[in-house]
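Asks: structure of the sequence below:
(2 chains)
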Amino acid sequence: MDFNDTPEEAKFRSEVRAWLEANAKPKDSSKARAGRSTKSEQERLERAREWQAKKAEAGYAAITWPKEYGGLGGSSIHSVIYSQEESHFDVPGGFYEIGLGMCIPTMLAWATEEQKQRYVKPALYGEEIWCQLFSEPAAGSDVAGLRTKCERDGDDWIINGQKVWTSGAHFCDYGIIVTRSDPNVPKHKGLTFFFIDMKSPGIEVRPIRQITGEANFNEVFFTDVRVPDSQRLGDVGQGWKVALTTLMNERLAIGQGSGVDHAELLQLARDTELETGPAIQDASVRANLADWYVQSQGLKYTKFRTLTALSKGQQPGAESSIGKIVSGPKMQDLASFGMDMQGQGGILQDAELSPLNAAFQNQWFGGAGYRIAGGTDEILRNIVSEQVLGLPQDIRVDKTVPYNELPRGK
Amino acid sequence: MNFDFSDDQKMLKEQVKRFLEDKSSLDKVRKVLESDADYDEALWKGLCELGVAGAAIPEEYGGLGLGALELCVVAEELGRAVAPVPFSSSIYLAAEAIRLFGNEDQKNKWLPKLASGELIGTLAAAEGVQAPSPKNLKVTFKNGKLSGEKLPVADGNIAGVAVVLCHADGHAALALVDLSAAEVERAPVTTIDPTRGHARIDFKDAPAELLGDPAEGWANYRRVEAGAAVLFAFEQVGGAEASMNMAKNYALDRYAFGRQIGSYQAIKHKIADMYVKLELARSNCYYGAMVLSDEAHDLELAAATARVAATEAYRFASQENIQVHGGIGFTWEANPQFHYRRSKLLALVLGSAARWKERLVAELERINAA
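Replies: Just a heads-up that it's a prediction; the model follows:
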């Protein structure tokens, strides 16, 4: 048992590190972790685009993709090693993860060769940005219950409806969308999948203001949006199968939570005085700190077990499915506990006044969203119990009934 | 990255697993529960014949000279089977204490017998209904004699030798006592888990000798505990997994309101939570095993982390396994009771989870101060 690279992995790691040292600046650890960038979105996008092009040129933008599409032809462990090394450097992110993590892999699986030649490389080099249009106001966890419809019109399709929670729709060039082509058959059978030009007439993007006050997502309205049939991915009615390709990649793209953890809580406890004395001497503070430390370490070493499987060329075990179930509630609860420790001042959410630039307060809001995005706590428990443990599916009343006969809320 | 057991270690695990399935079914465990026996003697002999008791004892002292990792895989299977044997007392505690802190004579005298299983050892630390500390120990070592009462002592009725936490010249110290001496009186006590016998031991000026430097006695005791905590954590993981599987199988077999109860989210999410806690514990245990095996410096923190995680995993799985079973789970005839009993026994054997959380945070503070 050890944490060492194989000789081949060590060689790859040193190549990656050398490249990063030549092309990026190491992270400045003195910068506060939760500080928000003061740069405009346009400035951040420019910086991200430059970095993406550099990365693509070196082959590191899509390590596991085949070389013919600009990838490195590497394995998942190479990808992990690159991410581990990149995390020590101050590099821009936040624009390409969904496109490269979910949309383009779907294109690689379902688009024509000509389309792949046209779209993959510009996405890889950061010249074109992609978004994913699945969720709807009435289709969240039950995404196959979506209502946005497509109707055939000659060589085109006409799309009408509304999507929601679309990250980056306002700066994206292309999107992948799943729509309902036939409401007269059971819901999974009446879906059809397209990729679309986000600048098409009839698309309106409106930012959604979140509970945090920020607007990282959008709702996207489609009014008679025309899409050529050549942009259909998969057969008519096969959209759910195509969507599963995308969703399989989702949890990889969403990644792990970050922010304040046990180390920050320990620091806060050391810096904070309670009525009864220093917080770090309080028994309940100590017990909670221990519990979160144990959870964090458990997640870390679970990841190491997954990496071990990858390193040996095996499929990771089912244990890798627990990450988000644990980290979501932990983010929220730990933040809430840290705010409690701050007493009446815990309600302040002010970078000047609150500890760690209000990181506990920010995470308290953020955690509420993290528990929902990319699979709610409840859906993830369904996945673990059904797919890992082999327990039965819920009784489904919607699988054999035509979509337009299903009961629906307002 | 090679954060996994080796193929040989996995083979050993599989071998012990099959042996225990064959020789220690829950029906067999039930026989111990329902008798006055302190343990399953035939099972213990069989395990010793496999050589696993001596797995981590050096060859020069009659063991196999393997390491902590081999002991960890054995521990997981003992926990899964709720095995009614004195393995933990004799090996994780007594043999490890002697291996770590014994002088050459002590090691030569006791380790070969513990390795072969012809003698059972134990650690006697508790003195009734409180946590032992250097300040409250009443059992006293003086002029080569030990006096006072230890309660409860795991396997105290069947052990031939005990490592005793005691008071000596103003220190907490470890002493070695031959329990066959006439000056040792012992009697069985009733516990929550009769599949593991426990005793009250009264030392009446029993001949004893110190184990290790008495000035370091408390630190040495905690070192023994830390190593054992990792091994017990593997037992807890094995037990937690067995409880989860028992709950899952019942949820698949039992129908209510016209469908399998495992199809209700209230049940299946509960079992998913068992799985989540189990995997967190298992991952922390792996790290504990690695540190124990490497004799690395951060054993205290790694052991506390593994123990806290595994205690929680087993607590949750064993108690909710009863809940999934409903009324039948509360009966004497049903099997969930074995894990319910054992989970609490293991949760307290080295002191409560609260105590280990405190040890964990104290260690975090120490590391972060440095």
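
Asks: A:Gly175 belongs to a helix, doesn't it?
Replies: No: the assignment for A:Gly175, made by DSSP: H, G, I helix; E, B strand; the rest coil, is strand rather than a helix.

Asks: so in terms of bridging, what pairs with it?
Replies: Legend: beta-bridge partners of A:Gly175 under DSSP bridges are A:Cys131, A:Ile196.

Asks: how much space between it and chain B?
Replies: 33 Å (Cβ to the nearest Cβ, to the nearest Å). In this view, the C-beta of every residue, glycine as well, is placed from N, C-alpha and C.

Asks: would you check that that residue makes contact with A:Met198?
Replies: Yes: when contacts are counted by Cβ atoms under 8 Å, A:Gly175 is listed as touching A:Met198 (5.3 Å).

Asks: overlap of the contact sets of the two?
Replies: By Cβ atoms under 8 Å, 6 or more residues apart in numbering or on different chains, A:Gly175 and A:Met198 have these common neighbours: A:131, A:169.

Asks: low-confidence ranges in the chain?
Replies: Since no chain was named, I'll use chain A. Applying pLDDT under 70 to chain A flags the ranges A:29-37, A:249-258.

Asks: my question was about chain B
Replies: B:370.

Asks: kindly recompute the last result at 90.
Replies: B:1, B:295-297, B:368-370 (pLDDT under 90).

Asks: where do the helices of it begin and end?
Replies: Taking DSSP state H as the test, the helices found in chain B are B:7-23, B:26-34, B:41-50, B:68-80, B:87, B:96-101, B:104-116, B:217-253, B:265-294, B:299-325, B:336-349, B:353-369.

Asks: same list (these) but as TSV, adding distance to A:Pro122.
Replies: Putting the helices of chain B into TSV (distance: least, Cβ to Cβ, whole Å) gives the following:
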stretch	distance to A:Pro122
helix B:7-23	47
helix B:26-34	63
helix B:41-50	63
helix B:68-80	51
helix B:87	64
helix B:96-101	63
helix B:104-116	68
helix B:217-253	49
helix B:265-294	41
helix B:299-325	47
helix B:336-349	57
helix B:353-369	47
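
Asks: now these as JSON lines including mean neighbour count and distance to A:Gln162?
Replies: Putting those into JSON lines (neighbours: other Cβ atoms under 10 Å in any protein chain shown; distance: least, Cβ to Cβ, whole Å) gives the following:
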{"stretch": "helix B:7-23", "mean neighbour count": "16", "distance to A:Gln162": "53"}
{"stretch": "helix B:26-34", "mean neighbour count": "16", "distance to A:Gln162": "57"}
{"stretch": "helix B:41-50", "mean neighbour count": "17", "distance to A:Gln162": "66"}
{"stretch": "helix B:68-80", "mean neighbour count": "26", "distance to A:Gln162": "52"}
{"stretch": "helix B:87", "mean neighbour count": "25", "distance to A:Gln162": "63"}
{"stretch": "helix B:96-101", "mean neighbour count": "23", "distance to A:Gln162": "65"}
{"stretch": "helix B:104-116", "mean neighbour count": "18", "distance to A:Gln162": "72"}
{"stretch": "helix B:217-253", "mean neighbour count": "24", "distance to A:Gln162": "40"}
{"stretch": "helix B:265-294", "mean neighbour count": "24", "distance to A:Gln162": "29"}
{"stretch": "helix B:299-325", "mean neighbour count": "26", "distance to A:Gln162": "42"}
{"stretch": "helix B:336-349", "mean neighbour count": "22", "distance to A:Gln162": "50"}
{"stretch": "helix B:353-369", "mean neighbour count": "18", "distance to A:Gln162": "49"}
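
Asks: could you redo these as JSON lines and give each row distance to chain A?
Replies: Shown next, in JSON lines, are the helices of chain B (distance: least, Cβ to the nearest Cβ, whole Å):
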{"stretch": "helix B:7-23", "distance to chain A": "9"}
{"stretch": "helix B:26-34", "distance to chain A": "21"}
{"stretch": "helix B:41-50", "distance to chain A": "23"}
{"stretch": "helix B:68-80", "distance to chain A": "7"}
{"stretch": "helix B:87", "distance to chain A": "22"}
{"stretch": "helix B:96-101", "distance to chain A": "19"}
{"stretch": "helix B:104-116", "distance to chain A": "24"}
{"stretch": "helix B:217-253", "distance to chain A": "6"}
{"stretch": "helix B:265-294", "distance to chain A": "3"}
{"stretch": "helix B:299-325", "distance to chain A": "5"}
{"stretch": "helix B:336-349", "distance to chain A": "14"}
{"stretch": "helix B:353-369", "distance to chain A": "4"}
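
Asks: can you list the domains in the chain?
Replies: Here I'm looking at chain A. Annotated domains of chain A cover A:7-93, A:130-251, A:256-375 [automatic domain parsing].

Asks: sorry, should have said chain B
Replies: B:7-116, B:121-215, B:218-369.

Asks: next, format the domains of chain A as CSV and append mean neighbour count.
Replies: CSV is the format used below for the domains of chain A (neighbours: other Cβ atoms under 10 Å in any protein chain shown):
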stretch, mean neighbour count
domain A:7-93, 15
domain A:130-251, 19
domain A:256-375, 19
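
Asks: how about CSV for these, with distance to B:Phe87 added?
Replies: Formatted as CSV, these follow (distance: least, Cβ to Cβ, whole Å):
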stretch, distance to B:Phe87
domain A:7-93, 38
domain A:130-251, 41
domain A:256-375, 26
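
Asks: thought B:Ala131 was touching B:Gly351?
Replies: Yes: using Cβ under 8 Å, B:Ala131 makes contact with B:Gly351 at a distance of 5.6 Å.

Asks: those two - which one has more neighbours?
Replies: B:Gly351 (18 against 13; other Cβ atoms under 10 Å in any protein chain shown).

Asks: ok, that one - contacts?
Replies: Taking Cβ under 8 Å, 6+ apart, one finds B:131, B:225 in contact with B:Gly351.

Asks: how near is it to chain A?
Replies: Counting by Cβ to the nearest Cβ - B:Gly351 and chain A are separated by 14 Å.

Asks: likewise for B:Asp38?
Replies: For B:Asp38, the distance to chain A (Cβ to the nearest Cβ) stands at 33 Å.

Asks: if we ignore the residues flanking it in sequence, what's nearest that residue?
Replies: Closest residue to B:Asp38 apart from its sequence neighbours, by Cβ to Cβ, 6 or more residues apart in numbering or on different chains: B:Gly197 at 2.6 Å.

Asks: run a quick neighbour tally on that neighbour.
Replies: 25.

Asks: how far off centre is stretch A:230-244?
Replies: The chain centre lies 22 Å from the centre of stretch A:230-244; the measure is Cα atoms, centre = their mean, to the nearest Å.

Asks: the helices in chain A, which residues?
Replies: In chain A, the helices defined using DSSP H lie at A:7-23, A:41-58, A:76-86, A:97-98, A:104-110, A:113-124, A:239-248, A:250-254, A:262-271, A:283-311, A:323-341, A:355-370, A:377-383.

Asks: run through the neighbouring helices and strands of the third one.
Replies: Other helices and strands packing on helix A:76-86, by 3 or more Cβ pairs under 8 Å, 6 or more residues apart in numbering or on different chains; DSSP states H and E, are helix A:7-23, helix A:283-311.

Asks: and for the fifth one?
Replies: Judged by 3+ Cβ pairs under 8 Å, 6+ apart, the packing partners of helix A:104-110 are helix A:113-124, strand A:232-233, helix A:239-248.

Asks: list the contacts of that helix.
Replies: In contact with helix A:104-110 (Cβ under 8 Å, 6+ apart) are residues A:62, A:65, A:69, A:115-116, A:119-120, A:123-124, A:130, A:176, A:193, A:195, A:233-234, A:242, A:245-246, A:249.
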